[in-house]
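Engineer: pasted the sequence and its predicted model underneath.
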Amino acid sequence: MRSGIVATGLFILALVIRLSALGKFVTIDEPRWLERSRWFMTGLLFDDRMCPSVEWGREFATHGWGCTFQIGYPGVTTMWGGSLGLWLHYWQTARPAGMDLRTFLETMPIHPAIDPQVIAPIQLPFAVAGALFVPLFYLLLRRLFTDQVALGAALLVALHPFHIGLSRIIHHDGLNTMFMVLSLLMLIGYWLRDWPWYWLLTSALMGGLALLSKQVSWFMLPYVLVLGGVSLSYRWQSPHWQGWIEVWRLMGTGTVWGVVAGLTFVAFFPAMWVMPGEVIGTIFGESLRLSEAGQPHYFFGRITQDPGWLFYPMGWLLRATPLETLGLLGALVASWRFFQIGALRSQIARRPVEVALALFVGLLGVFVAAADKKLVRYFLPAFPIIDVFATLGLFWLLNRLARLSHRKIIDRWSTVFVSGAILLSQGWLVLAHYPYYFTYYNPLLGGTHGAVRVMTLEGWGEGLNEAAAYLNQKPEARSLRVVVEMWCTTFNPFFAGRVNCLNSNAGGIMRADYLVYYYNVIQRDLQWMEQWRYFEKHYLPEHRVTLHGLDYVLIFRNPIQHQIDRKANSLPGIFTVFGYNLAGDGRLTLFWQKRGLGRQSLSVGLATSKGAYPVDGLVANPAAPRYWLTCPPLPAFEEELRVPKAIIESECSLSTLKLPPGLYDVQLGLRNGSTTSPVATSLVGLFLVNADGEFMPVELE
């Protein structure tokens with residue numbers, strides 16, 4: 001009864017934390033998983049509905065159960081959870097309005113922005129599953145260790161910010177960790193602690209669900225062989241060793257595990273019922289591609305495609321809590337002391353479960369480090385197991401403290417002390433990083449500021465919702481155009497205006513009203529560098545979204561007040577003018593990009609105008625005399641002339657031309673020495689000079 005009460009309390013604690021502020025923001029991958037879940041659910045329910053080919057998976061269109069094959073990860077459990085979330089959202093919003101499920105799935109907006117109302121419902125199943133993992137983890141550990149170790153480890157997991165973050169979004173790392181760890185503990189209990197036969201089958205079921213979740217889980221297949229070898233080794237040292245009978249029995253149970261895991265894989269993956277060859281072939285092909293496809297990492301001061309074996313130990317340290325760090329250090333010291341006194345072999349003989357868990361952590365580290373693509377979350381299945389050793393280390397340290405102080409009360413109340421320390425310490429960390437949690441980094445290593453000096457900050461889009469909220473306060477918010485490089489899907493659902501997601505040229509980016517930069521992109525040099533250099537060097541952000549002392553999001557206002565036709569106002573390979581600003585006193589600022597301009601200078605020529613010109617005719621008045629004026633770069637931009645593709649501001653004062661009142665058209669030219677060559681297609685704009693000598697732009701018709 002006590003264990004049931006504790007498990008219930010752990011579940012409530014974990015659930016309350018994971019349910020708080022669901023839908024507050026959306027991560028970069030969630031819109032993709034929502035789209036995949038929609039097609040997965042459509043394929044399950046509507047056999048006649050065709051679904052298109054997909055990237056990184058099925059390369060052909062299909063229908064029915066074939067649509068459940070959406071990605072080569074394979075991510076099936078994620079799509080089951082996403083489908084459940086969609087069903088909940090349908091019953092909550094669409095069904096009361098009389099909409100049928102098929103229409104709901106076909107008309108639900110996802111691109112370019114998902115409906116913010118759908119975020120919380122589709123995150124809900126994952127948050128519940130993440131919370132359910134904590135009491136299951138506790139109950140299994142309680143059978144393998146003492147109740148105090150199980151409680152301590154479960155609390156560490158329940159209040160671990162990184163685990164909380166990953167277990168409440170539509171993603172596969174949280175589910176994959178849950179299934180791998182539960183399968184591992186059950187199989188250890190069956191082989192090393194002689195649990196009943198149904199634990200073997202349940203372990204295989206969990207293993208099959210893990211295989212359906214993510215490629216990292218394929219590690220379970222070789223590890224089962226390793227664990228079988230460990231079990232055989234301990235049985236061989238047992239006085240009850242039965243020779244080859246033990247070997248054949250172990251091989252038989254291992255085969256049963258593999259068969260049940262395989263059947264689970266097939267049973268919960270309908271695409272395996274109709275196209276098994278394509279599914280298996282694609283999954284292996286995608287696994288090979290991902291293992292060889294590195295990505296840019298900032299690691300110890302440099303950008304690299306493969307940060308090496310040190311990446312995962314460093315990643316764990318940065319994501320660990322102070323108590324986890326202290327506890328693991330205590331466990332390592334305890335192990336070293338055993339080694340020093342020559343008792344290591346006897347300790348290993350007495351601790352088969354600890355040996356099996358240590359092998360899991362070590363071999364998983366080798367497995368994920370062998371791939372070129374590395375992310376800390378790939379190592380997440382090892383985190384709960386490391387928490388077991390951290391808990392053992394904390395109790396060992398407390399025991400040493402009790403011995404040194406000769407106070408039996410410390411030893412007697414050790415469970416209360418450790419549990420209370422975890423609740424207070426990690427509970428405070430959870431509150432401090434609410435509601436994002438991904439912003440957490442180990443304060444013993446400097447927190448966020450320490451992490452940013454070591455490795456890529458794993459931003460998931462947190463803060464972009466706040467950036468959107470800031471821009472939504474603008475009176476003209478609905479008419480604003482905003483560029484968000486790479487992270488538009490996390491910004492778009494919360495912004496009232498227009499979001500431009502893809503821009504491969506400076507002209508497209510500089511046409512926006514605002515530019516939003518995310519720190520994760522800046523740190524890895526993935527932004528369009530010419531625009532970033534321009535804003536970083538010459539302008540301060542209009543707004544910053546600062547989380548834990550770090551500017552996660554920077555918002556820059558585009559200084560160009562008047563946009564112009566880039567194509568008409570450019571010379572290929574020489575320059576492109578984006579737009580201009582015109583002050584009343586005649587100061588004209590041109591915003592342009594250097595393409596190959598040598599010693600020539602950018603000039604503008606003014607001529608009297610009769611008004612607008614037809615689009616298929618001349619754009620400037622060729623008959624009127626034209627007054628030319630050189631526009632040199634502003635002093636702050638002179639050195640930019642030596643930088644390829646630099647964005648430059650040039651300025652000239654039109655008032656020096658002493659123009660009489662009237663309407664003038666403005667044309668670009670290239671000055672070389674004493675000669676100015678007009679750009680024939682150019683028309684910067686129409687300027688009106690009034691009787692007071694004030695310059696005003698006139699909109700072209």
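Structural biologist: That came through, no problem. Residues are numbered from 1 along each chain as shown.
Engineer: low-confidence ranges, the stretch 501-650 of the chain, go.
Structural biologist: Scanning the stretch 501-650 of the chain for pLDDT under 70 picks out the ranges 502-508, 611-622.
Engineer: which helix runs longest in the chain?
Structural biologist: What stands out as the longest helix in the chain, according to DSSP state H, is helix 119-144.
Engineer: residues of that one that come out buried?
Structural biologist: Residues of helix 119-144 classed as buried by neighbour count (16 or more other Cβ atoms under 10 Å): 119-144. Every residue, glycine included, has its C-beta placed from N, CA and C.
Engineer: check stretch 417-425 too.
Structural biologist: F417, V418, S419, A421, I422, S425.
Engineer: residues in contact with that stretch?
Structural biologist: For stretch 417-425, contacts defined as Cβ atoms under 8 Å, 6 or more residues apart in numbering pick out 148, 151-152, 155-156, 159, 321-323, 391, 394-395, 398, 410.
Engineer: now do 7 Å
Structural biologist: Here stretch 417-425 makes contact (Cβ atoms under 7 Å, 6 or more residues apart in numbering) with L151, G152, L155, L156, L159, T321, P322, L323, L394, F395, L398, I410.
Engineer: any idea which element the fourth one lies in?
Structural biologist: The reference is to L156. helix 147-158 (DSSP states H and E).
Engineer: any buried residues in that helix, and which?
Structural biologist: Per 16+ other Cβ under 10 Å, helix 147-158 contains these buried residues: Q148, V149, A150, L151, G152, A153, A154, L155, L156, V157, A158.
Engineer: just the CA trace of that helix, in CSV.
Structural biologist: This file holds the C-alpha atoms of helix 147-158, laid out as CSV (Å, rounded to 0.1, in the frame of the first residue of the first chain):
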residue,chain,number,x,y,z
ASP,A,147,12.8,1.7,-1.8
GLN,A,148,14.9,4.7,-0.9
VAL,A,149,17.0,4.4,-4.1
ALA,A,150,13.9,3.9,-6.3
LEU,A,151,12.3,7.0,-4.7
GLY,A,152,15.4,9.2,-5.1
ALA,A,153,15.9,8.2,-8.8
ALA,A,154,12.3,8.7,-9.6
LEU,A,155,12.3,12.1,-8.1
LEU,A,156,15.4,13.0,-10.1
VAL,A,157,13.6,12.0,-13.3
ALA,A,158,10.3,13.7,-12.3
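Engineer: tell me which other helices or strands that helix touches.
Structural biologist: If you count contacts as 3 or more Cβ pairs under 7 Å, 6 or more residues apart in numbering; DSSP states H and E, helix 147-158 packs onto helix 2-19, helix 119-144, helix 382-405, helix 414-432.
Engineer: dump those to CSV, plus mean pLDDT.
Structural biologist: Putting the helices and strands packed on helix 147-158 into CSV (pLDDT from 0 to 100) gives the following:
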stretch, mean pLDDT
helix 2-19, 96
helix 119-144, 97
helix 382-405, 91
helix 414-432, 94
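Engineer: distance to S677 added to those helices, as TSV?
Structural biologist: Shown next, in TSV, are those (distance: least, Cβ to Cβ, whole Å):
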stretch	distance to S677
helix 2-19	66
helix 119-144	56
helix 382-405	66
helix 414-432	62
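Engineer: out of these, nearest to S479?
Structural biologist: S479 sits nearest to helix 119-144 of all the helices and strands packed on helix 147-158, at 25.3 Å, using Cβ to Cβ.
Engineer: so for the chain, the centremost residue is which one?
Structural biologist: Nearest to the geometric centre of the chain sits W460, at 3.6 Å (Cα atoms, centre = their mean).
Engineer: which SS state does that one fall under?
Structural biologist: Three-state call for W460 (DSSP: H, G, I helix; E, B strand; the rest coil): coil.
Engineer: does it really touch D29, like I thought?
Structural biologist: No - applying Cβ atoms under 7 Å as the test, W460 and D29 come out as separate, 8.3 Å apart.
Engineer: three-state assignment of the nearest residue to P678 once chain neighbours are set aside?
Structural biologist: The spatial neighbour of P678 that comes closest, neighbours along the chain excluded (Cβ to Cβ, 6 or more residues apart in numbering), is G669 at 4.7 Å. Per three-state DSSP, the secondary structure class of G669 is strand.
Engineer: which ones are touching G669?
Structural biologist: With Cβ under 7 Å, 6+ apart, G669 has these contacts: S603, V604, G605, W628, T676, S677, P678, V679.
Engineer: of all the residues you listed, which comes closest to I283?
Structural biologist: Looking across the contacts of G669 and measuring by Cβ to Cβ, the closest to I283 is V679, at 55.6 Å.
Engineer: what's the local residue count around the nearest residue to that closest one once chain neighbours are set aside?
Structural biologist: Using Cβ to Cβ, 6+ apart and skipping the chain neighbours, the partner closest in space to V679 is L668 (4.5 Å). As a burial measure, L668 scores 27 neighbours (other Cβ atoms under 10 Å).
Engineer: what's the spacing between stretch 141-161 and its chain's center?
Structural biologist: Relative to the centre of its chain, stretch 141-161 is centred 28 Å away, using Cα atoms, centre = their mean, to the nearest Å.
Engineer: go on, stretch 428-444?
Structural biologist: The chain centroid and the centroid of stretch 428-444 are separated by 16 Å under Cα atoms, centre = their mean.
Engineer: export only the CA atoms of it, formatted as CSV.
Structural biologist: Backbone C-alpha positions of stretch 428-444 (Å, rounded to 0.1, in the frame of the first residue of the first chain) are rendered in CSV as follows:
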residue,chain,number,x,y,z
TRP,A,428,13.4,25.3,-7.5
LEU,A,429,15.2,24.7,-10.9
VAL,A,430,11.9,23.6,-12.5
LEU,A,431,10.1,26.8,-11.2
ALA,A,432,13.0,29.0,-12.3
HIS,A,433,12.8,27.6,-15.9
TYR,A,434,9.0,27.5,-16.2
PRO,A,435,7.5,27.2,-18.8
TYR,A,436,10.3,26.4,-21.3
TYR,A,437,12.6,24.0,-19.4
PHE,A,438,14.9,23.6,-22.4
THR,A,439,16.6,26.8,-21.2
TYR,A,440,18.1,24.8,-18.2
TYR,A,441,21.8,24.2,-18.0
ASN,A,442,23.9,23.1,-15.1
PRO,A,443,24.5,26.1,-12.8
LEU,A,444,27.7,24.3,-11.5
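Engineer: tell me the buried residues in that stretch?
Structural biologist: L429, V430, H433, Y436, Y437, F438, T439, Y440, Y441, N442.
Engineer: and what of stretch 600-611?
Structural biologist: For stretch 600-611, by 16+ other Cβ under 10 Å, it's Q600, S601, L602, S603, V604, G605, L606, A607, T608, S609.
Engineer: ok, so of those, who is nearest V224?
Structural biologist: Checking the buried residues of stretch 600-611 one by one against V224 (Cβ to Cβ), the nearest turns out to be L602, at 69.6 Å.
Engineer: now do the longest helix of the chain: which elements does it pack against?
Structural biologist: helix 2-19, helix 76-89, helix 147-158, helix 173-193.
Engineer: please state the offset of it from the chain centre?
Structural biologist: That offset, for helix 119-144, works out to 22 Å (Cα atoms, centre = their mean).
Engineer: cool, and stretch 93-103?
Structural biologist: How far stretch 93-103 lies from its chain's middle: 32 Å, per Cα atoms, centre = their mean.
Engineer: cool, stretch 151-170 as well?
Structural biologist: Relative to its chain's centre, stretch 151-170 lies at 18 Å (Cα atoms, centre = their mean).
Engineer: just stretch 272-288 next, same as before
Structural biologist: 26 Å.
Engineer: buried set for it?
Structural biologist: In stretch 272-288, counting by 16+ other Cβ under 10 Å, buried: M272, V274, M275, E278, V279, T282, I283, E286, S287.
Engineer: which residues sit against that stretch?
Structural biologist: W56, G57, R58, W65, G66, F69, G72, Y73, P74, Q215, V266, A271.
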